[in-house]
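Asks: Here's my sequence, what's the structure:
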Amino acid sequence: MARRGRKRKLGNRVNGRLVQSSPTQTLPQGYAAVYVMWAEGTGIVKVGKSNRPGKRCSVIQIGNPFTLCVAGCHVMPDEIACNVERSFHRTHDGRPYHIRGEWYRLSPAEANRIVADEAAKFGVDTLSGVQSGATEAASSMSRMWDYNVA
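Replies: Numbering: from 1, shown residues only. Predicted structure coming up:
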């Protein structure tokens, strides 16, 4: 039987670049992503960690008045991702642009740059698309998310 209802929207264009809101891929075992989720049309982002950022976005979308999309995804080994996310929050909580919890008043580009800087402290280069120690699957997943909002 055919499914009825609206077709699922797979992404939006922001400044001419694709930002996906619901990819179905899961990162390989042992890898996670520090993601930047953007509330469209606002200067508000959420920074978190997940092995399924698109699914996480869908879950957070429930009860959120703004349309959310994943505006950046920094793939790395799971243990390092935990450290990068923790370091980001410890460094930036209490700053004037911190709203509450994992939400910040930053542009997606600023948030992605800060996450990349935090990852670099742990020896992970998330901007080049080539990550030392990453498997081919994790590298290809990283390239899938290579459309950070400018």
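Asks: Near Ser87, how many other residues are there?
Replies: Summarising burial for Ser87: neighbours were counted as other CB atoms under 10 Å, giving 17. Quick note: C-beta positions are derived from backbone N, CA and C, even for glycine.
Asks: Confirm that it sits in a helix.
Replies: Yes: with DSSP: H, G, I helix; E, B strand; the rest coil as the criterion, Ser87 is assigned to a helix.
Asks: list the contacts for it?
Replies: Counting by CB atoms under 8 Å, 6 or more residues apart in numbering, Ser87 touches Glu118, Lys121, Phe122.
Asks: In terms of pLDDT, where does the last one sit?
Replies: In this prediction, Phe122 carries a pLDDT score of 93.
Asks: what do you get for the first one?
Replies: We note a pLDDT of 94 for Glu118 in this prediction.
Asks: who are the neighbours in contact with it?
Replies: Glu118 neighbours (CB under 8 Å, 6+ apart): Val34, Val84, Ser87, Phe88, Thr91.
Asks: before we move on, what about the second one?
Replies: Residues in contact with Lys121, defined by CB under 8 Å, 6+ apart, are Val84, Ser87.
Asks: picking that back up, among the contacts of Ser87, which ones are in strands?
Replies: Among the contacts of Ser87, no member is found in strands (DSSP state E).
Asks: Nearest to Lys49, out of the contacts of Glu118: which one, please.
Replies: Out of these, the one with the shortest distance to Lys49 is Val34. That distance is 5.3 Å, counting by CB to CB.
Asks: and the gap between the closest residue to that closest one other than its chain neighbours and Asn112?
Replies: In space, and not counting its chain neighbours, Val34 is closest to His74: 4.6 Å by CB to CB, 6 or more residues apart in numbering. Going from His74 to Asn112 by CB to CB, to the nearest Å gives 8 Å.
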